[in-house]
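# Got a predicted structure here, sequence first:
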Amino acid sequence: MSIFNIFGKKPSPEQERKETEDALSKTREHIFSRIGRAFAGKSSVDADFLDELEEILITSDVGVDTTIKIIDAINDKVAREKYLGTQELNEKLASVIALLMPDLHLPVQPDFTLVNAPKPYVVLVVGVNGVGKTTTIGKMAWNYAREGKKVLLAAGDTFRAAAVDQLNIWKDRTGAEIVSHGMNTDPSSVAFDAVKQGVETGADVVIIDTAGRLHNKVSLMNELAKMKRVVQKFQEDAPHEVVLVIDATTGQNAFEQAKHFTAATKVNALAVTKLDGTAKGGVVIGVSEQFGIPVKYLGLGEKAEDLRLFNKSTFVKSIFQA
C-alpha cells in the first residue's frame, strides 16, 4: 500500500464550501445579522445606517482604515439608488470587500498542486509564538505530501524545544524529511542546510520554521534578513513564499503583529488560524487589505485537512449570505 493512502479521501468542493461556512458562522452572526437588524425597515442607505455599519465593522475587527474604505465605497455605490433591499446591500458589501482584498499570485492550486513552480519551492513561515505557526507548517506538509510531493522541513525555531518536537511528529505523519540542529543553534544555518539538502535530493517543497519572538524589531529584521541571504546561496529567488501566520482570535493584536513582520521582511501570503469558533473573522479582511497581503491559508479546525487554501468568493459569501 502506498504511504499516501493514509491521507484519506479528499473533500469535495461542495464539502469544503460548507465547512468554510460553518467555520465562519460566529463571524457571520456578528456581522451579517447585525447589518440586517440595522437595515431593517429601510429602503435606502442613509447616514444613520452608515454610522451603524461603521460601528459593526470596527467592532468585528475589520480595522478602522479598512472600514472607512468600505463605507466610502458603499456610499458611492448606493448614492443614486432610491430603493435597496437587504440582499442587494449584502451583495454590494461582499463585492466591495472582495475588491479591497488583494489576489494571490503564487503557483499553488486549490488542491495543493504546484504549477510552474521552482524546485524546490521554498516557503518561509513567520509569526509570533502561540498563533499556531508550527502546526500550520505541519498541515502544509501534510497537504503537499498528500499530493505526492517530496517535502523537507527545517526546524528553524531553535529557541523552543516544543517547536522541534512538533515538527518531528509531523515528519512521522507525512513521511517528510527534517533538518534540525537542536536547541539554541543558529536558525540561518538550519535554513541553509535545509535548502542545500532540498536542492541536492530533489525535494519539491522546503518549509522553514522561524522563531516567533518579537523581543525587538531590529533583532527580528536582522534574523529574517540573514535567513533570506543564506537560502539564496542555493536558490537566488528564494524564499518564494513568505507566509505570515496570525491567530483570528487575537483580533486587533494581529494588526500589530503584521506591522512588525512586514517591516522585517517582504510577506506575500497570509495564513489565518483558529478561524472556527471565533466572531473575529473580520480581522482577515482588515489585515489583508491594510498590509496588502493576499490570504492563502485558512485554519478551520484541528485536523490536518482543516487547513484550506483561501477562496475569496467563498469567504465573503460565507459572511454576507444567509
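Thanks, I have the structure now.
# Start from the N-terminal end of the stretch 51-200 of the chain and give the helices.
Remark: helices of the stretch 51-200 of the chain, listed N- to C-terminal, are 64-78, 86-100, 133-146, 161-174, 187-201; assignment by DSSP state H, counting those that start in this stretch.
# Report all helices and strands that the third one contacts.
What that stands for is helix 133-146. With contacts defined as 3 or more Cβ pairs under 8 Å, 6 or more residues apart in numbering; DSSP states H and E, the packing partners of helix 133-146 are strand 121-126, strand 151-154, helix 161-174, strand 205-208, strand 241-247, strand 269-273, strand 295-299, strand 307-309. From N, CA and C alone the C-beta is placed, and that goes for glycine too.
# go on, the last one?
For helix 187-201, the contact count by 3+ Cβ pairs under 8 Å, 6+ apart identifies strand 121-126, strand 151-154, strand 177-179, strand 205-208, helix 217-231 as packing neighbours.
# Pairing partners for the fourth one, with directions?
The strands that strand 205-208 pairs with in its sheet are strand 121-126 (parallel), strand 151-154 (parallel) (by DSSP bridges).
# Now that strand: average pLDDT?
Mean pLDDT, strand 205-208: 97.
# what sits up against that strand?
For strand 205-208, the surrounding residues in contact (Cβ atoms under 8 Å, 6 or more residues apart in numbering) are 114, 120-125, 137, 140-141, 144, 149-154, 156, 190-191, 194-195, 198, 227, 231, 239.
# ok, now with 7 Å
Among residues not part of strand 205-208, those counted as contacts by Cβ atoms under 7 Å, 6 or more residues apart in numbering are 120-125, 137, 140-141, 144, 149, 151-154, 156, 191, 194-195, 198.
# where's it relative to the chain centroid, distance-wise?
16 Å (Cα atoms, centre = their mean, to the nearest Å).
# How about it, which residues are buried there?
The neighbour-count check on strand 205-208 (16 or more other Cβ atoms under 10 Å) flags 205-208 as buried.
# Pick out whichever of these sits closest to Ala163.
Ile208 (11.9 Å; Cβ to Cβ).
# ok, what's across the strand from that closest one?
Using DSSP bridges, the beta-bridge partners of Ile208 come out as Leu124, Ala154.
# Mean pLDDT for the strands paired with strand 205-208 - can I get that in a markdown table?
Supplementary listing: the strands paired with strand 205-208 in a markdown table, determined by pLDDT from 0 to 100:
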| stretch | mean pLDDT |
| --- | --- |
| strand 121-126 | 96 |
| strand 151-154 | 97 |
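# Of the helices and strands packed on helix 187-201, give the one that comes closest to Ile70.
Between Ile70 and the helices and strands packed on helix 187-201, the shortest separation by Cβ to Cβ is 27.8 Å, and it involves strand 121-126.
# orientation of the closest one relative to helix 133-146 in degrees?
Per axes from the mean of the first three to the mean of the last three Cα atoms, to 10 degrees, the angle that strand 121-126 makes with helix 133-146 is 160 degrees.
# Now do the buried residues in strand 121-126.
Counting neighbours by 16+ other Cβ under 10 Å, the buried set in strand 121-126 is 121-126.
# Next, Leu275: secondary structure please.
Three-state secondary structure (criterion: DSSP: H, G, I helix; E, B strand; the rest coil) places Leu275 in coil.
# which parts of stretch 86-93 are buried?
For stretch 86-93, the neighbour count (16+ other Cβ under 10 Å) marks 89-90, 92-93 as buried.
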